[in-house]
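1. Based on what follows, work out the 3D shape:
(one chain, ligands or ions: 1)
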Amino acid sequence: MSQDDEIIEMMRCPIDGTRIITKWRCENGHEFKETYGILDFLTENVESHELLERVAPIYESLWAPLGLSLTAGTSYSSLMSSAASSMGERHLDVGTGTGKLFDYGKCRVCVGLDVSLRFLNYLKKKRPNVIAIRADAKRLPFKDSSFDSASSLFVIHMLDDPSLAIQEIHRVLKDKGRAVLTVMTDNNAIDKILSRWWGLSLRSYDYYLGVLTRYFEVDKARKMGAWSYFEVVKS
Ligand SMILES: [Zn+2]
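-> Next comes the predicted model:
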């Protein structure tokens, strides 16, 4: 099967959940665009954070590594390596940004999803082998049990209801599929400053642990400065 056919087979319409029958139309005739190699499956306007849009050009070289070492007490590359170490054959990265995670692991079908066209354009230029999909984390355009592994790093604490994204990641993972999540949580003084700066209301480590436990077996869980790190398995 060609990679295009495999992707078509894995996807579903984010509006009605029906099969994608051709590039890129569902059984009920909803059409989706492909521009510069980016599949656009966003069905309503979901805004990317304005601050993130502005730092896109320096995001992976400077912003994320510096920000993480200051706020998590760990290096960006060690966190990315540990997140990528459980990558399976088909991997989905939700809120992938420039797709930097894919430099650290191996997958055959590597899918990076984001709402920001700006970030996805960077991804496509730097990592043409990654399949770039613009879609909403709350309504993933994939069939159930499509992926061996998934990740969502530094993203879902920005959603109004993070549990919807967690539920969706669970749905698209195969049984025994692994997921790695890092989220900003209200652990300390740093995140109070960060959350005010970003205009976010943060949830607690226990909130995420509680939601994750509803869907997954939690393998690793720890606080890292302003962040929390979870590795979970679909049981
Ligand atoms: Zn449809």
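
2. what's the nearest residue to residue 162 if we skip its chain neighbours?
-> Among residues not flanking residue 162 along the chain, residue 156 sits closest, at 4.4 Å (C-beta to C-beta, 6 or more residues apart in numbering). To be clear about C-beta, it is placed using only N, CA and C from the backbone, and glycine gets the same treatment.

3. which residues does residue 36 contact?
-> Under the criterion of C-beta atoms under 8 Å, 6 or more residues apart in numbering, the neighbours of residue 36 are 121, 124.

4. Phi first, then psi, for it.
-> When read as degrees, to the nearest 10, the backbone of residue 36 gives phi 50, psi 40.

5. For it, give its distance to residue 154.
-> 25 Å (C-beta to C-beta, to the nearest Å).

6. hey, what's residue 151 bridged with?
-> When assigned by DSSP bridges, residue 151 has beta-bridge partners residue 93, residue 180.

7. From what I see, residue 106 and residue 88 are in contact.
-> No: in this structure, residue 106 is not within contact of residue 88 by C-beta atoms under 8 Å, at 9.4 Å.

8. In the chain, what residue spans correspond to strands?
-> Using DSSP state E, the strands of the chain run over 20-22, 25-26, 33-35, 38-40, 90-94, 109-114, 131-134, 147-153, 173-184, 217-224, 227-233.

9. got the ones you listed as a markdown table, with distance to the ion and mean neighbour count columns?
-> A markdown table is the format used below for the strands of the chain (distance: least, C-beta to the ion, whole Å; neighbours: other C-beta atoms under 10 Å):
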| stretch | distance to the ion | mean neighbour count |
| --- | --- | --- |
| strand 20-22 | 9 | 15 |
| strand 25-26 | 3 | 17 |
| strand 33-35 | 14 | 12 |
| strand 38-40 | 14 | 19 |
| strand 90-94 | 20 | 26 |
| strand 109-114 | 18 | 25 |
| strand 131-134 | 16 | 24 |
| strand 147-153 | 21 | 26 |
| strand 173-184 | 23 | 22 |
| strand 217-224 | 33 | 13 |
| strand 227-233 | 30 | 22 |
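
10. Now do the same contact list for residue 192.
-> By C-beta under 8 Å, 6+ apart, residue 192 lies in contact with residue 186.

11. Show the pLDDT at the most centrally placed residue in the chain.
-> Against the mean C-alpha coordinate of the chain, by C-alpha atoms, centre = their mean, the closest residue is residue 94 at 1.3 Å. As predicted, residue 94 sits at a pLDDT of 97.

12. do residue 86 as well
-> 89.

13. distance of it from the ion?
-> Residue 86 sits 32 Å away from the ion, going by C-beta to the ion, to the nearest Å.

14. Backbone dihedrals for that residue, both of them.
-> Torsion angles, degrees, to the nearest 10, at residue 86: phi -100, psi 20.

15. which ones are touching the residue nearest to it when sequence neighbours are not counted?
-> Leaving out its chain neighbours, the residue that sits closest to residue 86 by C-beta to C-beta, 6+ apart is residue 178, at 4.4 Å. If a contact means C-beta under 8 Å, 6+ apart, then residue 178 has 86, 88, 148, 149, 150, 219, 231, 232, 233, 234 as its contacts.

16. rerun that using 7 Å as the cut-off
-> Contact analysis of residue 178 by C-beta atoms under 7 Å, 6 or more residues apart in numbering lists 86, 149, 231, 233.

17. Format those as TSV; extra columns: distance to residue 23.
-> Shown next, in TSV, are the contacts of residue 178 (distance: C-beta to C-beta, whole Å):
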residue	distance to residue 23
86	31
149	26
231	35
233	34
